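1. no sequence on this one, just coordinates:
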């Protein structure tokens, strides 16, 4: 059994640019892939804290708030090597084409970004940047970090047992179909993590707390439906689909928190 410390360390090494040394010594197999997926929200929490810290620091400069949102999104892309954005573009192009799973796989592995991918990237990043700017403008640093972390829940749900990998190679082959217990555990953790949103310093804010739970439900529901649709079109789940789910869920989270 892989220890939680090793799982988080490997997840940081695989999913971020953090030099934790979790590289060549790790043997990539489905046990390790499943452990990495289960630890992904921890990586999301660290990235969320970094995003909130960057936004807080930039908020003390003379930069326009909209530009701060763009810079935070750019920083997150750099910290994650842009791999989730690449997955988002490839998934959008794959879903935008017609044909059986083999044709979808061909489009996704072409190495080029088509019109569907470009449009999806622009819209998703625009929503994320604007939403992050809105949270930063209200000094809602906790919610900003929460949204980034919550986006990773979508990938955990996407790797559930009911959906197998689309291909025998790639990250999807390591992670798809590996998650079961981690899903209700992380749902409970995020439900508890909304509690600080329901406290405004003067007392309990039930409306804000309910809003946080609704955002959690929206992200979980989207992750469930989106990955099921992708699996139907592609014959299973791929690493690109999991990355796309993360980016789309972050966008949903920031919008939901601002409503």
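-> Good, I have the coordinates. In this text the structure is predicted, and so the values were computed from the model without any measurement. Numbering: from 1, shown residues only.
2. tally of neighbours for residue 2?
-> 14 (other Cβ atoms under 10 Å). All C-beta spots, glycine's among them, are computed from the backbone N, C-alpha and C.
3. ok, it touching residue 31?
-> Yes. Using Cβ atoms under 8 Å, residue 2 is in contact with residue 31, at 6.3 Å.
4. now the helix or strand in which residue 105 is found: buried residues?
-> Assigned by DSSP states H and E, residue 105 falls within helix 101-108. Neighbour-count burial for helix 101-108, with 16 or more other Cβ atoms under 10 Å as criterion, is recorded at 101, 104, 105, 107, 108.
5. looking at these, which is nearest residue 57?
-> residue 108 (37.2 Å; Cβ to Cβ).
6. what sits against the closest one?
-> By Cβ atoms under 8 Å, 6 or more residues apart in numbering, residue 108 lies in contact with 90, 91, 93, 94, 234, 238, 240.
7. how much space between the third one and residue 57?
-> Distance from residue 93 to residue 57, counting by Cβ to Cβ, to the nearest Å: 36 Å.
8. more crowded one of the two?
-> Shown here are residue 93 and residue 57; by other Cβ under 10 Å, residue 93 has more neighbours (22 against 10).
9. give me the mean pLDDT for whichever strand or helix holds the more buried one.
-> Using DSSP H and E, residue 93 maps to helix 83-96. Averaging pLDDT along helix 83-96 yields 92.
10. packing partners for that helix?
-> helix 101-108, helix 115-137, helix 206-234, helix 239-258 (3 or more Cβ pairs under 8 Å, 6 or more residues apart in numbering; DSSP states H and E).
11. run the last query once more with 10 Å
-> helix 4-15, helix 65-79, helix 101-108, helix 115-137, helix 141-158, helix 171-175, helix 206-234, helix 239-258 (3 or more Cβ pairs under 10 Å, 6 or more residues apart in numbering; DSSP states H and E).
12. and these: which comes nearest residue 189?
-> helix 141-158 (9.1 Å).
13. give me the buried stretch members for the closest one, please.
-> Neighbour count says helix 141-158 has 141, 143-158 buried, by 16+ other Cβ under 10 Å.
14. tell me how many other residues crowd residue 174.
-> For residue 174, using other Cβ under 10 Å, the count is 21.
15. nearest residue to it other than its sequence neighbours?
-> Excluding the flanking residues, the one nearest residue 174 by Cβ to Cβ, 6 or more residues apart in numbering is residue 33, at 2.9 Å.
16. and for residue 38?
-> Closest residue to residue 38 apart from its sequence neighbours, by Cβ to Cβ, 6+ apart: residue 182 at 4.0 Å.
17. list the contacts of the nearest residue to residue 238 once chain neighbours are set aside.
-> Distance criterion Cβ to Cβ, 6+ apart; nearest residue to residue 238, sequence neighbours excluded, is residue 172 at 3.9 Å. Counting by Cβ atoms under 10 Å, 6 or more residues apart in numbering, residue 172 touches 33, 87, 158-159, 163-166, 234, 236-242.
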